[in-house]
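> Any chance you could fold what I've pasted below:
(4 chains)
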There are 4 protein chains.
Amino acid sequence: MVVVALLAGLVVTIIDKEDFPNYGVAVWWAIVTVGTVGYGDVVPHTGWGRVVGSVVIVVGVTFIAFLTAVVTSLFVEAEQDEHRALVEARQQTAHDETRRSLQELSDRHVAVEAQLRAMRSERG
Amino acid sequence: MVVVALLAGLVVTIIDKEDFPNYGVAVWWAIVTVGTVGYGDVVPHTGWGRVVGSVVIVVGVTFIAFLTAVVTSLFVEAEQDEHRALVEARQQTAHDETRRSLQELSDRHVAVEAQLRAMRSERG
Amino acid sequence: MVVVALLAGLVVTIIDKEDFPNYGVAVWWAIVTVGTVGYGDVVPHTGWGRVVGSVVIVVGVTFIAFLTAVVTSLFVEAEQDEHRALVEARQQTAHDETRRSLQELSDRHVAVEAQLRAMRSERG
Amino acid sequence: MVVVALLAGLVVTIIDKEDFPNYGVAVWWAIVTVGTVGYGDVVPHTGWGRVVGSVVIVVGVTFIAFLTAVVTSLFVEAEQDEHRALVEARQQTAHDETRRSLQELSDRHVAVEAQLRAMRSERG
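Residues are numbered from 1 along each chain as shown, chains lettered A, B, ... in the order given. Model (predicted):
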């Protein structure tokens, strides 16, 4: 935001020297604009000054939208990570239980096959 | 945002010629308003001008809310896609493991049945 | 937003008659304030006028935060619903496959038990 | 937001006595700034006043981004909790069904093994 303001201030001091007599005033205007505060104490009155001003407003609004989006997605992500850990643990437990049951069935099969083999050899 | 401003500027130059003497000033006011900057250098003073201004403010705020929502949902979506790929891979692994175990049990059954068939034929 | 502005306009015309000579001006100020535009053409100068103004600003910012939150959560929800349908279908397919395999194993068991019963009756 | 405004008002009355003659005016300016309303009725004109003003603007925008993020993530979370309960119930049902089938297979195994044992003892 500060970087955008410093750059916008530079452009506007070159384009519109009337409304922005020095760089300090231009940066102050740019911060006030990018933050969508818009006091109106410093305002471009020339055509090109207003064109640059319009671009700075659009950039400012888009910047704030991105800032809000980044912060929001971090918050949403943090909350989901908590739940994800729980869901993962629950699914792991369910899967482990299924695996244990399947292993048990496999062991029982081994036993049945052994018994059958024994029966055949007994009868020899 | 620029499209809304161009349209709002057109409406306001027709409705309130006093406060908006030309289209350029009207568009400048519209951008400053839609971006919720509101310098106050150009402001409608007539009743209808303020009615149109109020509509432009409501549209501007709603537009910014939608812009922020679109950017945020893209960010949230991008982060979730990453996790979804991981969860999907983990579930696929778990399912494959279960399927392999079930296939093994099926194979053992085939063996048991073969042994039983052999026993019966041995006894004739 | 309009409802909040109409209410705020009413309160401010009662509290600060100097700065807000009529209801129309008060509602115009309230919309400009709730939308965080803040032209500065109409501004409270009395102590109580500024107290009410401060409340309207806080309400306005909170309102916009809620508006943005509602729109964003609708967008996020819409995107997740799409993915949820896909995940659900995938899990259903996996579960159906497991169920079929388990049913097959159960059928094979019935066959084995039938064979064993046959063997015992054959031997009488 | 009010806490930030009260603090910012204090700093600015100390730094820039010209533009902010008393604490009440300073707090009014701070609320108008933090809420990004920016009427422009009270504005810092000194260098340090504008530096503090710039900081207050950046803090204000960041604050609103966080406020919006908190509200949004609460909304998204509330909506996801509903779906999570449904998904959890569905997965639990699927897992219970699998467990029941596996238990049935295990019981059938016990029966097969019992029959085999009976066959061997019959032959003595």
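> now for chain A, which residue lies nearest the mean position of the chain?
A:S73 (4.0 Å; C-alpha atoms, centre = their mean).
> So in chain A, where's the weakest helix or strand by average pLDDT?
Least confident helix or strand, chain A: helix A:47-123 with a mean of 92, by mean pLDDT, DSSP states H and E.
> Who are the packing partners of it?
helix A:2-15, helix A:23-34, helix B:2-15, helix B:23-34, helix B:47-123, helix C:47-123, helix D:47-123 (3 or more C-beta pairs under 8 Å, 6 or more residues apart in numbering or on different chains; DSSP states H and E). C-betas here are computed from N, CA, C, even on glycine.
> show me the contacts for the residue nearest to the centre of chain A.
B:T72, B:F75, B:V76, B:E79 (C-beta atoms under 8 Å, 6 or more residues apart in numbering or on different chains).
> quick one: it from C:R84, how far?
As judged by C-beta to C-beta, to the nearest Å, A:S73 and C:R84 stand 19 Å apart.
> Does the residue nearest to A:V25 when sequence neighbours are not counted belong to a helix, a strand or coil?
Closest residue to A:V25 apart from its sequence neighbours, by C-beta to C-beta, 6 or more residues apart in numbering or on different chains: A:V42 at 5.7 Å. Judged by DSSP: H, G, I helix; E, B strand; the rest coil, the three-state class of A:V42 is coil.
> For chain C, give me its nearest residue in chain A.
Using C-beta to the nearest C-beta, the point where chain A gets nearest to chain C is A:G40, with a distance of 5.7 Å.
> That residue: what's it in contact with?
So A:G40 contacts B:G38, B:Y39, B:G40, B:D41, C:Y39, C:G40, D:G38, D:G40 (C-beta under 8 Å, 6+ apart).
> how does it look with 7 Å?
Going by C-beta atoms under 7 Å, 6 or more residues apart in numbering or on different chains, A:G40 touches B:Y39, B:G40, B:D41, C:G40, D:G40.
> Over to A:E88?
With C-beta under 7 Å, 6+ apart, A:E88 has no contacts at all.
> what does A:D19 give?
Neighbour list for A:D19: A:V42, A:V43, A:P44, A:H45, A:T46, A:G49 [criterion: C-beta under 7 Å, 6+ apart].
> Pull up the per-residue confidence for it.
Looking at A:D19, its pLDDT stands at 95.
> ok, now how distant is it from A:A8?
For A:D19, the distance to A:A8 - C-beta to C-beta - is 13 Å.
> number of nearby residues for A:Q91?
Here the number of neighbours of A:Q91 (other C-beta atoms under 10 Å in any protein chain shown) works out to 16.
> related to what we said a few turns ago, any idea which of the contacts of A:D19 is closest to chain B?
Closest approach to chain B among these (C-beta to the nearest C-beta): A:V43, at 4.5 Å.
> and the closest one, what is it in contact with?
A:D19, B:Y39, B:D41.
> Now tabulate those residues in CSV and tack on distance to C:L102.
Below are these laid out as CSV (distance: C-beta to C-beta, whole Å):
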residue, distance to C:L102
A:D19, 79
B:Y39, 72
B:D41, 76
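> Just the closest of these to B:L105, please.
Set against B:L105, the nearest of these by C-beta to C-beta is B:Y39 (76.5 Å).
> So what does A:F20 look like in phi/psi?
According to degrees, to the nearest 10, the main-chain angles of A:F20 amount to phi -120, psi 80.
> contacting residues around it?
A:V12, A:T13, A:A26, A:W29.
> Number of residues surrounding the last one?
Yep, that's A:W29 we're talking about. 28.
> now swap in A:A8 and tell me
Look at A:A8: counted by other C-beta under 10 Å, it has 24 neighbours.
> could you list every residue that touches it?
If a contact means C-beta under 7 Å, 6+ apart, then A:A8 has A:A30, A:V34, A:V56 as its contacts.
> Next, find the distance separating the last one from A:M1.
Distance of A:V56 to A:M1, given as C-beta to C-beta: 12 Å.
> Which one's more surrounded, those two?
Per other C-beta under 10 Å, whichever of A:V56 and A:M1 has more neighbours is A:V56, with 25 against 18.
> Grab the nearest non-local neighbour of the more buried one.
Using C-beta to C-beta, 6+ apart, the closest residue to A:V56 is A:A8 (4.6 Å).
> so what's the one you found scoring on pLDDT?
So, for A:A8, pLDDT stands at 95.
> repeat for A:G124
58.
> A:D41: neighbouring residues, count only.
Neighbour number of A:D41 under other C-beta under 10 Å is 20.
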